[in-house]
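J.: What follows is a predicted protein model with its sequence.
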Amino acid sequence: MGYTLGQAAKATGKSKTTIQRAIKSGRISALKNDIGEYNIDPAELHRVFEPVPEKRNKEQKKEQTVPPVNTGMLHQQIALLESQVNDYKQRLDRSEQERRETQEKLTLMLTNQNKKGLIARIFG
């Protein structure tokens, strides 16, 4: 029994397109069945493309496995970060308000000093 196009791709680590191009160019001979699927003799396939070692297939599957995610912990971390962001925003707002108040006080002080100096020069 031969490989399908997908099985041939997995067996060689190549894409289906690469295998199909090799068939169409005549590098690999293959038959099509009644429903249009390729039947590729393994010996014919591996004459052109090296087989993927079984160990490599297992390693690829391990790499593709995604560990489970603890969403509860993620939600807690997000809530903590949001809380910290809100705290920083409040601190920044307070700091900005203090800066404005200080600027207003300094402006008033300078304005009053200028008025006193002007009055002193006029009447002094």
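T.: Perfect, I can see it now.
J.: List the contacts of Asn39.
T.: 1-4, 30-33 (C-beta atoms under 8 Å, 6 or more residues apart in numbering). Glycine gets a C-beta too; all of them are placed from N, C-alpha and C.
J.: Between which two of these is the distance greatest?
T.: Met1 and Lys32 (15.0 Å; C-beta to C-beta).
J.: Neighbour count: those two, which is higher?
T.: Using other C-beta atoms under 10 Å, the more surrounded residue of Met1 and Lys32 is Lys32, with 10 against 6.
J.: Show the model's pLDDT score for the residue nearest to the more buried one when sequence neighbours are not counted.
T.: Excluding its sequence neighbours, the residue lying closest to Lys32 (C-beta to C-beta, 6 or more residues apart in numbering) is Tyr38, at 5.9 Å. What the model reports as pLDDT for Tyr38 is 90.
J.: cool, and the one 3 residues further on?
T.: Looking at Asp41, its pLDDT reads 93.
J.: Run a quick check on it versus Ala30, I expect a contact.
T.: Yes - in this structure, Asp41 is within contact of Ala30 by C-beta atoms under 8 Å, at 7.5 Å.
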